[in-house]
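Asks: prediction below, plus the sequence it came from.
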Amino acid sequence: MPIKSDAGFDFIIVGAGSAGCVLANRLTEDPGCKVLLIEAGGRDSHPLTRMPLAFLHTIRNPTMNWGYLTEPEPNLNRRCVPVPRGRVWGGSSTINGMFYMRGHSHDFDGWRSMGCDGWGYKDVLPYFKRMETSWRGEGPFHGGGGPIHVAPIDTAYLLHEPLMAAGQAAGYPVSADLHGPNEEGFARGELTVDPQGRRASSSRAYLYPSLHRSNLTVHSHALATRVLIEKMRAVGVEYWQRAELRRSYADAEVILCGGAYNSPQLLMLSGIGPADHLRESGLTAVVDLPGVGRNLSEHPYTMVEFAATKPVTFLNELRLDRALRHAAHWALFGAGPFATQINSCNAVIRTLPDLTQPNIQLMCNPVRMDANLWFPGFCERKAHVFAVGVVQLHPRSRGWVKLRSANPADAPRITLNIFADTADFADMRSGIREARRIYRTAPQGDLTGEEISPGAAVDSDSELDAFIRATATTAQHPVGTCSMGAGADSVVDAQLRVRGVEGLRVADASVMPTVPGGNTNAACIMVGEKASDLIRNRSLM
């Protein structure tokens with residue numbers, strides 16, 4: 001089969017996700033710099049990608065999702081856990097829940113202490129500020145003119161006040177800004193939503209404004225098969241595009257932005273990774289780099305559910321006639337309940353007093369997670385339920401990504417290995433118990449009825465561990481599989497350059513040595529922003 005080739009690019013970016021779109025924008029700010037962006041998915045043109053409340057539909061849409069499952073998880077009763085990742089312009093920022101969290105300042109100082117020079121909190125804060133237009137306005141902790149719009153959750157229908165008061169009564173602080181001086185406690189959630197009430201994905205914020213530039217080329221529906229390496233230098237990328245095998249060449253660099261699952265897969269398909277594993281897959285090792293695919297870290301997540309004592313949850317707004325009115329109001333004015341997220345408040349808490357930073361996040365949802373549209377006599381309303389997602393923020397367990405075969409079309413083998421470290425069970429148990437205590441505290445306690453899941457009778461450590469094994473999933477925040485650092489197991493250095501190969505970088509969640517203590521999309525965009533300056537030898541400091 002003939003291979004179609006093209007050259008003349010300075011940079012090739014693989015993956016139009018959270019970081020890849022940033023790099024496509026920032027690098028093409030220089031009109032003399034020619035960039036090719038390769039994306040396995042297509043445009044984010046589905047109308048539901050723009051509606052904030054519709055994220056549960058987008059994340060399940062097989063046309064925009066890689067549809068990955070883990071291998072049978074050894075500590076989750078051998079269950080295969082869904083691990084959705086975006087296969088579309090904007091990547092996972094197009095299908096996620098839009099929650100805006102950077103992580104704790106200690107998280108980034110921890111990266112610096114692990115040998116990631118230039119990635120401490122004071123180093124990354126300017127990039128978080130550069131990327132955002134915050135509803136708070138510009139200030140010491142926030143930006144006022146960046147591409148990503150950050151808005152507060154509209155709490156009008158979300159029972160915000162009783163839960164905030166209950167958190168304070170339970171002994172936790174209230175924070176006006178989790179990204180300011182007080183980085184823990186109960187706070188109003190924030191979303192990446194623009195002033196028109198539309199999802200502010202990385203593609204909408206960075207890529208679309210760049211499409212008019214003649215020095216940017218975007219190839220959609222293009223599955224990368226390998227990085228082309230000559231004399232230990234990355235010179236281009238091979239990929240399938242609509243049944244045609246193509247090769248494109250870069251004079252400066254190839255930059256992988258495929259995320260925590262796809263970037264290590266592509267490195268290994270290119271002969272960069274653990275030599276023994278590559279041989280098992282029928283591949284020759286170009287660079288024996290044992291850390292590729294290792295150090296996979298994720299936020300474990302489980303759900304606590306309570307019946308509501310009164311018909312007060314967001315189910316009321318999902319009655320068909322009201323939902324249609326809300327949808328029309330969103331379409332016309334970019335406002336109302338469908339222009340936000342169903343979250344009462346965002347709580348990041350310490351369940352032990354000697355901890356230096358929060359270990360648990362509570363995603364407080366004033367509605368059941370299987371809620372649907374309903375109408376009397378047509379489709380009956382389900383019972384009113386409060387659902388609390390308990391997220392362990394700093395797991396000790398580590399998993400891995402391996403090749404399933406040498407065929408790039410085969411999904412990688414993913415093992416999260418969560419709860420391999422028994423201390424992670426202890427953290428999750430403490431989070432469940434605190435969620436119970438908070439939801440039984442007035443004034444929220446006046447609205448909280450019977451515990452549905454795991455149930456009040458499930459109380460001992462062993463019973464809670466069994467519940468966790470049977471129900472836990474993830475918060476969909478995978479990181480670490482091309483980890484940055486100075487040690488022998490690191491894959492990239494602090495400049496994000498792949499060890500042993502010139503002209504090749506990785507810039508996405510896979511380079512994070514540990515998972516930040518919060519939703520990871522903001523940190524991924526920050527990585528893209530900082531990577532663009534590393535490549536251009538610029539600095540905001």
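Replies: Arrived safely, thanks for sending. No experiment lies behind these values; they were computed from the predicted model shown.
Asks: any idea where the helices of the stretch 101-250 of the chain begin and end?
Replies: For the stretch 101-250 of the chain, helices defined by DSSP state H, counting those that start in this stretch occupy the ranges 105-113, 121-131, 160-169, 202.
Asks: reformat those as JSON lines; add mean pLDDT.
Replies: Below are the helices of the stretch 101-250 of the chain laid out as JSON lines (pLDDT from 0 to 100):
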{"stretch": "helix 105-113", "mean pLDDT": "98"}
{"stretch": "helix 121-131", "mean pLDDT": "98"}
{"stretch": "helix 160-169", "mean pLDDT": "98"}
{"stretch": "helix 202", "mean pLDDT": "98"}
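Asks: distance to residue 453 and mean neighbour count added to those, as CSV?
Replies: Where C-beta positions appear, they are placed from N, C-alpha and C, glycine not excepted. Below are the helices of the stretch 101-250 of the chain laid out as CSV (distance: least, Cβ to Cβ, whole Å; neighbours: other Cβ atoms under 10 Å):
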stretch, distance to residue 453, mean neighbour count
helix 105-113, 30, 19
helix 121-131, 36, 20
helix 160-169, 19, 20
helix 202, 34, 32
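Asks: to residue 37, which of those helices lies closest?
Replies: For residue 37, the closest of the helices of the stretch 101-250 of the chain is helix 202, at 11.8 Å, according to Cβ to Cβ.
Asks: residue ranges with poor pLDDT in the chain?
Replies: Within the chain, the stretches with pLDDT under 70 are 1, 541.
Asks: can we see that at 90?
Replies: 1-7, 55-57, 60, 242, 352-353, 377-380, 486-488, 539-541 (pLDDT under 90).
Asks: show me where it has its helices.
Replies: Per DSSP state H, the chain carries helices over the ranges 18-27, 55-58, 105-113, 121-131, 160-169, 202, 259-269, 275-280, 320-333, 422-439, 461-471, 521-535.
Asks: tell me which of those helices sits nearest to residue 383.
Replies: helix 422-439 (16.2 Å).
Asks: what's that closest one in contact with?
Replies: Residues outside helix 422-439 that contact it (Cβ atoms under 8 Å, 6 or more residues apart in numbering) are 163, 166-167, 170, 172, 300, 302, 304, 306, 347, 349, 351-352, 359-360, 362, 386, 388, 390-392, 394-397, 418-419, 444-445, 448, 451, 454, 461, 464-465, 468, 472.
Asks: hmm, try it at 6 Å
Replies: 166-167, 170, 304, 306, 351, 359-360, 362, 388, 390, 392, 395-397, 419, 448, 464-465, 468 (Cβ atoms under 6 Å, 6 or more residues apart in numbering).
Asks: and it, what's buried?
Replies: Neighbour-count burial for helix 422-439, counted by 16 or more other Cβ atoms under 10 Å, picks out 424-432, 434-436, 438-439.
Asks: try stretch 386-400
Replies: 386-395, 397-400.
Asks: what does it rub up against?
Replies: 293-296, 299-306, 308, 359, 361-365, 368-369, 415-421, 423-424, 427-428, 431-432, 435, 475, 517.
Asks: where's residue 325 relative to residue 191, distance?
Replies: Separation of residue 325 from residue 191 (Cβ to Cβ, to the nearest Å): 22 Å.
Asks: can you show me the strands along the stretch 51-200 of the chain?
Replies: Secondary structure of the stretch 51-200 of the chain (DSSP state E, counting those that start in this stretch): strands located at 132-134, 148-152, 185-187, 190-191.
Asks: how many neighbours does residue 369 have?
Replies: Burial of residue 369 is recorded as 12 neighbouring residues (other Cβ atoms under 10 Å).
Asks: reformat the helices of the chain as TSV; add distance to residue 75.
Replies: Formatted as TSV, the helices of the chain follow (distance: least, Cβ to Cβ, whole Å):
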stretch	distance to residue 75
helix 18-27	29
helix 55-58	27
helix 105-113	24
helix 121-131	32
helix 160-169	30
helix 202	33
helix 259-269	19
helix 275-280	22
helix 320-333	39
helix 422-439	9
helix 461-471	7
helix 521-535	26
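Asks: of all those helices, which one is nearest residue 138?
Replies: Nearest of the helices of the chain (Cβ to Cβ): helix 121-131, 7.8 Å.
Asks: need the residues that contact that closest one.
Replies: 102, 105, 108-109, 143, 146, 148, 525-526, 529-530, 540.
Asks: wait, which of the residues you listed is closest to residue 83?
Replies: The closest of the contacts of helix 121-131 to residue 83 turns out to be residue 525 (Cβ to Cβ; 20.4 Å).
Asks: picking up where we left off before, which among the contacts of helix 121-131 gets closest to residue 74?
Replies: Relative to residue 74, the closest of those is residue 108; by Cβ to Cβ it sits at 31.0 Å.
Asks: before we move on, the earlier item: and of the strands of the stretch 51-200 of the chain, who's closest to residue 212?
Replies: Proximity to residue 212, assessed across the strands of the stretch 51-200 of the chain by Cβ to Cβ, is greatest for strand 148-152 (19.9 Å).
Asks: the closest one to helix 121-131, inter-axis angle?
Replies: Interaxial angle, strand 148-152 versus helix 121-131 (axes from the mean of the first three to the mean of the last three Cα atoms, to 10 degrees): 90 degrees.
Asks: so how far is strand 148-152 off the chain centroid?
Replies: Relative to its parent chain, strand 148-152 has a centroid offset of 16 Å by Cα atoms, centre = their mean, to the nearest Å.
Asks: same check, this time on stretch 175-195
Replies: 17 Å.
Asks: so what touches it?
Replies: Contact partners of stretch 175-195, identified using Cβ under 6 Å, 6+ apart, comprise 52, 98, 100, 102, 104, 141, 148-153, 164, 167, 172-174, 200, 341, 343, 345-348, 358.
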